[in-house]
Structures are given as C-alpha cells and as structure tokens.
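Participant: Next one to model:
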Amino acid sequence: MQEEPTLESRRIYDGKVVALRVDTIRLPDGGTATREVVEHGASVVMVPVDDRGQVLLVRQYRKSAEQSLLEAPAGGLEEGESPEDGVLRELQEEIGHTAGKLERMTGFWIAPGFCTEYMHTYIATDLRPSALAPDEDESIEVVPTPLEHISELIRSGEIQDGKSVAALLMALHVFADRL
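Facilitator: Now for the predicted structure:
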C-alpha cells in the first residue's frame, strides 16, 4: 500500500482530551483528498484479576453513548509516562488497587480510520489496595466479576465497549493457555 503524503494540515479544534485537524493528502493516482483526524494521546486498558479469579470491572456513565457501560479500567497516558506507570496510576484512580505483576498482552489502534490513539493492553495481578484520588469529573463503580462470566457478558451485550471486549477476550485466551 502506498502512503498518503500530507500537502496541508489545518488544526480546527484544540480541546482538553482531543484535537481535530483536517489534512489535505495526495492520493496514489495523483489526486487529492481530505482526511479528518482526531488527535488523542496513547492510552492503556487493563484486566485486573484478583486472587479469587474476579476481574475488577468498572461501570461509568459515558455521555457519547448516553448510558452507563461496563468496562475494563482504562485511561490516557500523561505526557512522558510509560504504559506500565500509566496502568499502575489508572488502577489506583479507578479501582483503588495497585498490581504487583503486570503482563503486557499487545496494543492496538482504537479507530485508525480517523483517530491517532494507540492503546496498550495489560493483565494486572497480585492486586493490593492502594488508592489515588479519582479524576474529579468521573463517577466510577467497581464491579467484581468472575472471570468465567466474562464471555457471556460480552455475548449478551452487557459489555459493549470495544476496548474492553478486545482486552477481555485477549485475557481469557491468556488464562485459558495457563490451565
């Protein structure tokens, strides 16, 4: 596949979480087109599993979906923060625990057709209480869920969030290989 060189780039919005730019690009046939790009920093999603085999999921209201969603804990990386440090910070902010062991599974582009966000996925185990103040604009409920119920929650549509589905299915695969 050929690249699409940028001929011009205009930033049209700078927000707290995202920025939006419109790029004019050169197509392989010589023509031009525009690409709308949502700029968003890298992020992490983790599957925290306690010593009883419970996944500590979170439920929070998502304005864009206009509903509360059951999700794996996740969040954006701060400037200069490593994915591992971001995982440990987000675990403390969202579920009030830290992890003694982190295992990187993989990473993926959230929505590469229009967004620059790359998400790193981890399994977090050896959990112990350790809380940081949550983000002031978040209201999160921790929902301990048996690992063996995750597949059904995805199939039934109780878990609808794409990043959570991806991370949880990967984690189930990892845990199945260990049995």
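Participant: Give me the three-state assignment for Gly80.
Facilitator: Assigned by DSSP: H, G, I helix; E, B strand; the rest coil, the conformation of Gly80 is coil.
Participant: neighbours around Tyr122, how many?
Facilitator: Tyr122 has 29 neighbours, counted by other C-beta atoms under 10 Å. From N, CA and C alone the C-beta is placed, and that goes for glycine too.
Participant: Over to Val49?
Facilitator: Neighbours of Val49 (other C-beta under 10 Å): 19.
Participant: Tell me the bridge partners for it.
Facilitator: Residues in a beta bridge with Val49, per DSSP bridges, are Val55.
Participant: List the contacts of it.
Facilitator: The contact partners of Val49, taken as C-beta atoms under 8 Å, 6 or more residues apart in numbering, are Val55, Leu56, Ile123, Ala124, Thr125, Leu127, Leu147, Ala171, Phe175.
Participant: Among these, which one lies nearest to Leu70?
Facilitator: Val55 (10.4 Å; C-beta to C-beta).
Participant: What distance do you get for that closest one to Cys115?
Facilitator: Counting by C-beta to C-beta, to the nearest Å, the gap from Val55 to Cys115 is 26 Å.
Participant: Show me which of those two is the more surrounded one.
Facilitator: Neighbours per residue (other C-beta under 10 Å) separate Val55 from Cys115, with Val55 holding more: 25 against 15.
Participant: hang on, the earlier thing: looking at the contacts of Val49, spot the one nearest Glu84.
Facilitator: Nearest to Glu84 among the contacts of Val49 is Ala124, at 10.1 Å by C-beta to C-beta.
Participant: Which strand residues bridge Cys115?
Facilitator: Going by DSSP bridges, Cys115 forms beta bridges with Val38.
Participant: ditto for Leu69
Facilitator: In this entry, Leu69 is beta-bridged to Gln60, by DSSP bridges.
Participant: May I have the residues that are in contact with it?
Facilitator: Counting by C-beta under 8 Å, 6+ apart, Leu69 touches Arg59, Gln60, Tyr61, Arg62, Ile159, Gln160, Asp161.
Participant: How about Ala166?
Facilitator: Val45, Phe108, Thr121.
Participant: Now go through those and say which are in helices.
Facilitator: Within the contacts of Ala166, no residue falls in helices by DSSP state H.
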